[in-house]
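Participant: just need the structure, nothing else, for what follows:
(4 chains)
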Protein chains: 2
Amino acid sequence: MTSNHLNATFAALADPTRRAILARLASGEASVMELAAPFAMSQPAISKHLKVLQGAGLISRGRDAQRRPCRLEAQPLAEATGWLVKYRELWEGNFQRLDALLDELKAGPKKPASTKR
Amino acid sequence: MTSNHLNATFAALADPTRRAILARLASGEASVMELAAPFAMSQPAISKHLKVLQGAGLISRGRDAQRRPCRLEAQPLAEATGWLVKYRELWEGNFQRLDALLDELKAGPKKPASTKR
DNA sequence: ACTGTATATATCCAAATAGTTATATAACCT
DNA sequence: AGGTTATATAACTATTTGGATATATACAGT
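Facilitator: Residues are numbered from 1 along each chain as shown, chains lettered A, B, ... in the order given. This next block holds a predicted model:
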């Protein structure tokens, strides 16, 4: 079920270029050219990476004239984090915080909107 | 620096067989045969998966007569979880819990040993 | 209409991955 | 010593991946 999601998500995260792109997008939307700039790599290569990220549902694309801006999608990350947290806590033998963290994940993001930027 | 670790860790986690093996190992050490049993796959294939997991530092091997039991190693998982939690929280715009969680990860596993099984 | 800019697609290539079968190694049991 | 069990290694194959270059598409500005 979610196995496919996890496959695609972790595979997408396994590449440092893609992780850097995600990190960059954490500070807001960006166009392909903007995303490509930091890398010693052709534009088509970046487009491919973006396609992988999109395939994993980690980003979505918009439209701004000829630009096709990318924005982050947090949901697949939550799944992946959920898997990791679950097993990490599990095999560390800590069952107390596990429950709390799983509840937190299940409830979804809560935004206290205080440190909001 | 830790980029290589993250590459290997996420790549290892991208395969459902390997995730299942890790999940299985969360409940304790197991031999190769025990780990292979649930899968419709040859034993050498499982040995390969174990090699990948070991290469990522996710498991370590022991020796028990002709058996070579596998046990989980939590540290690379902590790194991966750290990366995910950092960016997930970041792009969800929640900076309060981020600090708390990073401190928690940096401090390492604390075992209150109350719900301990 | 023409030019430049942004992005995608096509084709190709080398290397890595995930699996197979067959064989080797190592340790146990009689 | 001989047989069985557990695991690893070798050799092979098909598929996927990450990159390149060259080309196509789409929109903007003049």
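
Participant: centre of the chain versus the longest helix along chain A, how much separation?
Facilitator: Identified as the longest helix of chain A according to DSSP state H is helix A:75-91. Centre-to-centre, helix A:75-91 and its host chain are 13 Å apart (CA atoms, centre = their mean, to the nearest Å).

Participant: identify each buried residue in that helix, please.
Facilitator: A:76-78, A:80-91 (16 or more other CB atoms under 10 Å in any protein chain shown). C-beta coordinates here come from the backbone N, C-alpha and C atoms, glycine included.

Participant: now stretch A:34-45
Facilitator: A:35-36.

Participant: got the contact list for that stretch?
Facilitator: A:17, A:20-21, A:24-25, A:32-33, A:46, A:50, A:70 (CB atoms under 8 Å, 6 or more residues apart in numbering or on different chains).

Participant: give me the mean pLDDT for that stretch.
Facilitator: Taken as a whole, stretch A:34-45 has a mean pLDDT of 97.

Participant: what subset of the contacts of stretch A:34-45 is also close to DNA strand D?
Facilitator: Residues of these in contact with DNA strand D (CB under 7 Å from any atom of the strand): A:T17.

Participant: low pLDDT regions in chain A?
Facilitator: A:1-2, A:92-117 (pLDDT under 70).

Participant: enumerate the residues of it near DNA strand C.
Facilitator: A:31-34, A:43-44, A:47-48, A:50-51, A:61, A:66-69.

Participant: repeat that with 10 Å
Facilitator: With CB under 10 Å from any atom of the strand as the criterion, chain A comes near DNA strand C at residues A:7, A:10-11, A:14, A:30-37, A:42-51, A:54, A:61-70.

Participant: please pick the buried ones from those residues.
Facilitator: Applying 16+ other CB under 10 Å to the residues of chain A next to DNA strand C flags A:7, A:10-11, A:14, A:30, A:32, A:35-36, A:46, A:49-50, A:69-70 as buried.

Participant: restrict the buried residues of helix A:75-91 to those near chain B?
Facilitator: A:77-78, A:80-81, A:83-85, A:87-88, A:90-91 (CB under 8 Å from any CB of the partner chain).

Participant: could I get those residues as a markdown table with distance to DNA strand D?
Facilitator: Listed next are these as a markdown table, based on distance: CB to the nearest atom of the strand, whole Å:
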| residue | distance to DNA strand D |
| --- | --- |
| A:L77 | 18 |
| A:A78 | 22 |
| A:A80 | 16 |
| A:T81 | 21 |
| A:W83 | 19 |
| A:L84 | 20 |
| A:V85 | 24 |
| A:Y87 | 22 |
| A:R88 | 24 |
| A:L90 | 23 |
| A:W91 | 19 |
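
Participant: now those residues in TSV, with distance to B:S3?
Facilitator: Shown next, in TSV, are these (distance: CB to CB, whole Å):
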residue	distance to B:S3
A:L77	18
A:A78	23
A:A80	18
A:T81	19
A:W83	21
A:L84	18
A:V85	22
A:Y87	22
A:R88	20
A:L90	27
A:W91	24
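
Participant: which residues in chain A form strands?
Facilitator: In order along the chain, chain A carries the following strands (DSSP state E): A:59-61, A:70-72.
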